[in-house]
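1. Got a predicted structure here, sequence first:
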Amino acid sequence: ESVALLGLDRGAAEVLVNLITGAMLPDSGDVDVFGTPTRAITDPDSWLASTDRFGILSERVALLEPFTSAQNLALPFSLEVDDMPLAVRSSVRQLADEVGITSEQLSQPVARLDGDAQLRVRLGKALALGPRVLLAEHPNAALPPDEVPRFAADLAGIAARRGLAMLVMTADGTFARAVSDQVLTLKPSTGELTPASGWRDWFTRRVR
């Protein structure tokens with residue numbers, strides 16, 4: 001399923017992602033992920049293995065600006081980014097094609113890219129290890145308005161082709177509807193999640 005969530009600012013989105021991935025534990029109750037409470041993951045190796053099931057699309061995920069786009073995309077596969085193994089180079093090329101990075105952009109240092117291209121490099125890194133769930137924290141926040149529709153369409157298409165579950169946190173209702181067929185709004189006063197008007201209720205499957 002793909003769900004867009006309105007009503008969380010960047011700080012709250014970061015907390016939610018940390019709770020889902022087990023980087024942070026709840027003060028009370030449990031967060032169950034793939035059938036296991038996150039508090040049951042007690043050693044670093046198990047936690048790192050569990051995080052591989054998630055791709056995180058966020059400005060918090062650092063890009064190495066002196067490195068090229070290709071080198072940044074190679075890092076999830078190998079630290080040999082100066083002389084990439086052939087298999088890594090092939091994987092990087094496939095990722096670049098999938099997320100919309102051109103050959104010219106692939107050879108440029110990340111620092112020289114515009115906001116759209118940098119976002120696509122981050123998306124490629126989030127997808128590199130084949131996650132089951134993509135968690136996106138306000139991915140459109142830094143995009144120029146004219147770039148938002150194309151990125152939204154590309155993101156929705158990638159999720160559909162991969163059969164990827166996706167949770168997108170955004171403040172833009174138009175973007176939310178473009179990337180996801182289920183849009184929920186968090187009411188700050190109550191913590192209630194309500195479906196956006198005219199969209200399918202996530203819990204009851206009724207159209208309102």
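-> Sure thing, it's come through.
2. doesn't Ala153 make contact with Gly100?
-> No. Gly100 is not in contact with Ala153 according to Cβ atoms under 8 Å; the separation is 10.2 Å. Any C-beta I mention is one placed from the backbone N, CA and C, and that applies to glycine too.
3. Between these two, point out the one with more neighbours.
-> Neighbours per residue (other Cβ atoms under 10 Å) separate Gly100 from Ala153, with Gly100 holding more: 18 against 12.
4. what sits against that one?
-> By Cβ atoms under 8 Å, 6 or more residues apart in numbering, the contact set of Gly100 is Arg120, Asp154.
5. How much space separates it from Leu134?
-> 16 Å (Cβ to Cβ, to the nearest Å).
6. cool, Ser189 as well?
-> Separation of Ser189 from Leu134 (Cβ to Cβ) stands at 29 Å.
7. Going by neighbour count, which residues of the lowest-mean-pLDDT helix or strand in the chain are buried?
-> Every helix and strand of the chain was ranked by mean pLDDT, DSSP states H and E. The lowest is helix 44-51, at a mean of 85. Buried residues in helix 44-51, counted by 16 or more other Cβ atoms under 10 Å: Ser50, Thr51.
8. helices or strands up against it?
-> Packing contacts for helix 44-51, counted by 3 or more Cβ pairs under 8 Å, 6 or more residues apart in numbering; DSSP states H and E, involve no helix or strand.
9. of Ser189 and Leu134, who's got more company?
-> Under the criterion of other Cβ under 10 Å, the comparison of Ser189 against Leu134 puts Leu134 first, with 23 against 6.
10. Could you list the low-confidence segments of this structure?
-> Residues of the chain meeting the criterion pLDDT under 70: 197-208.
11. Would you map the helices across it?
-> According to DSSP state H, the chain carries its helices in the segments 10-21, 44-51, 69-74, 86-99, 103-106, 115-127, 148-162, 173-179.
12. so can I have a markdown table of those showing distance to Thr185?
-> Below are these laid out as a markdown table (distance: least, Cβ to Cβ, whole Å):
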| stretch | distance to Thr185 |
| --- | --- |
| helix 10-21 | 13 |
| helix 44-51 | 28 |
| helix 69-74 | 34 |
| helix 86-99 | 28 |
| helix 103-106 | 35 |
| helix 115-127 | 24 |
| helix 148-162 | 18 |
| helix 173-179 | 8 |
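13. quick one: which of those is nearest Ala142?
-> helix 115-127 (4.9 Å; Cβ to Cβ).
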